[in-house]
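[1] What would the 3D arrangement of this be:
(2 chains)
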Number of protein chains: 2
Amino acid sequence: MKQNPIGVFDSGIGGLSVLRQLIRFMPYERYVYLGDTARVPYGNKSSETVIQYSEECTEFLLGKGVKLIVVACNTSSSVALEAVRKHAGEIPVIGMIIPAAAAALRSSSSGKIGVIGTRATIGSGAYNNAILELAGEASIKVYSQVCPLFVPLVEEGMTFHPAARLIAEEYLKEVKNKGIDTLVLGCTHYPLMSQLLMEIMPGISLIDTGEHASVTALRLLADNDWLADERHEFVIKPEIDFYITDLPSIFNELAGRFLGFAIDSPKRVSIGTH
Amino acid sequence: MKQNPIGVFDSGIGGLSVLRQLIRFMPYERYVYLGDTARVPYGNKSSETVIQYSEECTEFLLGKGVKLIVVACNTSSSVALEAVRKHAGEIPVIGMIIPAAAAALRSSSSGKIGVIGTRATIGSGAYNNAILELAGEASIKVYSQVCPLFVPLVEEGMTFHPAARLIAEEYLKEVKNKGIDTLVLGCTHYPLMSQLLMEIMPGISLIDTGEHASVTALRLLADNDWLADERHEFVIKPEIDFYITDLPSIFNELAGRFLGFAIDSPKRVSIGTH
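    Predicted coordinates for the structure are as follows:
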């Protein structure tokens, strides 16, 4: 298994912010990334549809011989993780929710935690349930908020636009008033809004779901002795196969923003019955 | 053919603003509406993908025995109309572009026309080409602008939010500076922003694509003697079969906003190979 790639899927290009974290913690691995750009976004769609799409993404990655599947999409992680696990059989699956929930509990001293995400993620209650379950007897309060405009604002590169600030201030008003000290960024796009969020809520601890999922992935692979061997050659660019289901005109620009470096020729594929 | 329904498709629920106009001009018709909510939006996707999806929508409507297909989606109308026409064979197809282009030319006295739309619609140049072709020798200038955040702002019901005004002012700054007197609302969502747009550009003539496509549809059916007979009973609610490929949680709220009345039980269907 050591030399097999790690599979990562997302509804689109946002999951590249998760891939970036995976590479940070595991630079010697090979990666297969699938972005379902033909059907993006998942965040406003029904659970039934998100489950179907997530199973189809899983099927594709399994066909690539991956040793681990990282569900980079928070919406998929919220509503489809069980379905993905069932589908993946022996291959382990890591979602965004549990690692971030645990990190939020470690980070919060007030016991008041905020969670922001898409309509589907927040509507599922996945973060609330995970945080409260992990907290056990501890007295923890979770406040959640849907932020549907954050994704288009990030994709349009308008995170520092005055309109983004107005919208963010409105979205966060309630959770801020509750006195949270920790905020889970429950969507792959939100780490790109970190600076604005910190300006609006000075002193807040932001939880990047990709970061904590990556640490979980590192531990899991290490425990199984499945980590790829260190490579002697200096790794200038990690080894990644990019697959997307549609190639939109602004793909390269967006991908660079999320990943931090340019992508060489993504391959367009059809997945599932689509 | 008289008694056969009119088929209308859109990437999602925005096309209900077009259906509303069709009903206004042809209240005695039966309608079949298909919203591809499982793969919405089309506006940021590649032509290749939009063509495939549009053909699949067409196939579905043909299966319902429609006498006319109205491509309510401006993105589909811009990049996939020829493919839809080919697919529809004998059944006539009306898109959004030509009727609105002609209306814009009739409306403009300065000869300076603005067009706003999604990235795919504007990128295709369909409106520019249609307006300039219809204008013939006349000296006409067309200025276009992508407005990607308008769709999420409308869907979130934030058209009167101060952030919407900031964004709209920025998007429209250039076309306004060009001295346009007419603006084509090249996306089904934009009629819901009319008031804001008129405040930003006092005196502007707004072209609602659904309205002009509906007049074209009325003429086409009348010319063929395919208009449904007037019905003696008082039509409280028009006869519409609603099909959607996904039922998102906020469907009813959104549909009401676009259509102006509530939808009775939309049916969820799978289309194409999806």
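[2] Test for you: state the pLDDT assigned to the residue nearest to A:K178 when sequence neighbours are not counted.
    Leaving out its chain neighbours, the residue that sits closest to A:K178 by C-beta to C-beta, 6 or more residues apart in numbering or on different chains is A:Y143, at 4.8 Å. All C-beta spots, glycine's among them, are computed from the backbone N, C-alpha and C. Note for A:Y143: predicted pLDDT of 98.
[3] what about A:Y143, which SS state?
    Secondary structure, DSSP: H, G, I helix; E, B strand; the rest coil: A:Y143 is strand.
[4] Can you give me every residue that contacts it?
    For A:Y143, the contacting residues are A:K112, A:I113, A:G114, A:V115, A:E174, A:V175, A:K178, A:I180, by C-beta atoms under 8 Å, 6 or more residues apart in numbering or on different chains.
[5] at 6 Å instead, please
    Shown in contact with A:Y143 (C-beta atoms under 6 Å, 6 or more residues apart in numbering or on different chains): A:G114, A:V175, A:K178.
[6] who does the helix or strand in which the second one is found touch, helix- and strand-wise?
    Meaning A:V175. Assessed by DSSP states H and E, A:V175 sits inside helix A:162-177. Under the contact definition 3 or more C-beta pairs under 6 Å, 6 or more residues apart in numbering or on different chains; DSSP states H and E, helix A:162-177 sits against strand A:141-146, helix A:194-200, helix B:162-177.
[7] In whichever helix or strand comes after that helix, which residues are buried?
    Later in the chain than helix A:162-177, the nearest helix or strand by DSSP H and E is strand A:182-186. By neighbour count on 16 or more other C-beta atoms under 10 Å in any protein chain shown, the buried set for strand A:182-186 is A:T182, A:L183, A:V184, A:L185, A:G186.
[8] so where is the stretch 1-150 of chain A shaky, pLDDT-wise?
    By pLDDT under 70, the stretch 1-150 of chain A contains no weakly predicted segment.
[9] hmm, back to that, give me the beta-bridge partners of the residue nearest to A:K178?
    Note on A:Y143: beta-bridge partners A:G114, judged by DSSP bridges.
[10] For the stretch 1-150 of chain A, give the residue positioned nearest to chain B.
    Chain B sits closest to A:T49 of the stretch 1-150 of chain A, with a gap of 4.5 Å, by C-beta to the nearest C-beta.
[11] rewinding a little: could the helices and strands packed on helix A:162-177 go into CSV alongside distance to B:L149?
    As requested, these are arranged in CSV below (distance: least, C-beta to C-beta, whole Å):
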stretch, distance to B:L149
strand A:141-146, 17
helix A:194-200, 16
helix B:162-177, 5
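[12] Give me whichever of the ones you listed is most buried.
    strand A:141-146 (a mean of 20; mean count of other C-beta atoms under 10 Å in any protein chain shown).
[13] relative to strand A:182-186, how tilted is it?
    Angle of strand A:141-146 versus strand A:182-186, following axes from the mean of the first three to the mean of the last three C-alpha atoms, to 10 degrees, is 40 degrees.
[14] how far off helix A:162-177 does strand A:141-146 point, in degrees?
    Inter-element angle recorded for strand A:141-146 and helix A:162-177: 160 degrees (by the same axes, to 10 degrees).
[15] Next, report how far strand A:141-146 is displaced from the centre of its chain.
    What separates the centre of strand A:141-146 from the centre of its chain is 18 Å, taken as C-alpha atoms, centre = their mean, to the nearest Å.
[16] Hmm, A:L34 is touching A:F242, no?
    No. Here A:L34 does not reach A:F242: they are 8.3 Å apart, not a contact under C-beta atoms under 6 Å.
[17] any chance you could map the helices in the stretch 151-274 of chain A?
    According to DSSP state H, counting those that start in this stretch, the stretch 151-274 of chain A carries its helices in the segments A:162-177, A:194-200, A:209-223, A:251-259.
[18] Any chance of a markdown table for the ones you listed, columns mean pLDDT and distance to A:A130?
    Shown next, in a markdown table, are those (pLDDT from 0 to 100; distance: least, C-beta to C-beta, whole Å):
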| stretch | mean pLDDT | distance to A:A130 |
| --- | --- | --- |
| helix A:162-177 | 98 | 17 |
| helix A:194-200 | 97 | 21 |
| helix A:209-223 | 98 | 11 |
| helix A:251-259 | 90 | 25 |
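[19] Compare these and give me the one nearest A:Y28.
    Among the helices of the stretch 151-274 of chain A, helix A:209-223 comes nearest to A:Y28, with 10.7 Å by C-beta to C-beta.
[20] Need the residues that contact the closest one.
    Contacts of helix A:209-223 (C-beta under 6 Å, 6+ apart): A:17-18, A:21-22, A:25-26, A:92, A:94, A:96, A:99-100, A:103, A:227.
[21] List just the nearest of the residues you listed to B:N74.
    Closest approach between these and B:N74, by C-beta to C-beta: A:S17, at 30.9 Å.
[22] quick one: that closest one and A:R257 touch, right?
    No. Counting by C-beta under 6 Å, A:S17 stays clear of A:R257, with 9.1 Å between them.
[23] Neighbour count: these two, which is higher?
    Using other C-beta atoms under 10 Å in any protein chain shown, the more surrounded residue of A:S17 and A:R257 is A:S17, with 26 against 18.
[24] three-state assignment of that one?
    Per three-state DSSP, A:S17 ends up helix.
[25] quick one, what contacts it?
    Going by C-beta under 6 Å, 6+ apart, A:S17 touches A:T188, A:P191, A:G210, A:F258.
[26] cutoff 8 Å now
    A:T188, A:H189, A:P191, A:L192, A:D208, A:G210, A:F258, A:L259.
[27] between the contacts of helix A:209-223, which has the most around it?
    A:M96 (34 neighbours).
[28] what does the stretch 101-250 of chain A have sitting close to chain B?
    Within reach of chain B by C-beta under 8 Å from any C-beta of the partner chain, the stretch 101-250 of chain A has these residues: A:119-120, A:123, A:148-149, A:151-153, A:155-156, A:158, A:161-164, A:166-167, A:170, A:245-250.
[29] ok, now with 6 Å
    The stretch 101-250 of chain A has residues A:P148, A:L149, A:P152, A:E156, A:P162, A:A163, A:L166, A:I167, A:D246, A:L247, A:P248 near chain B, with proximity defined as C-beta under 6 Å from any C-beta of the partner chain.
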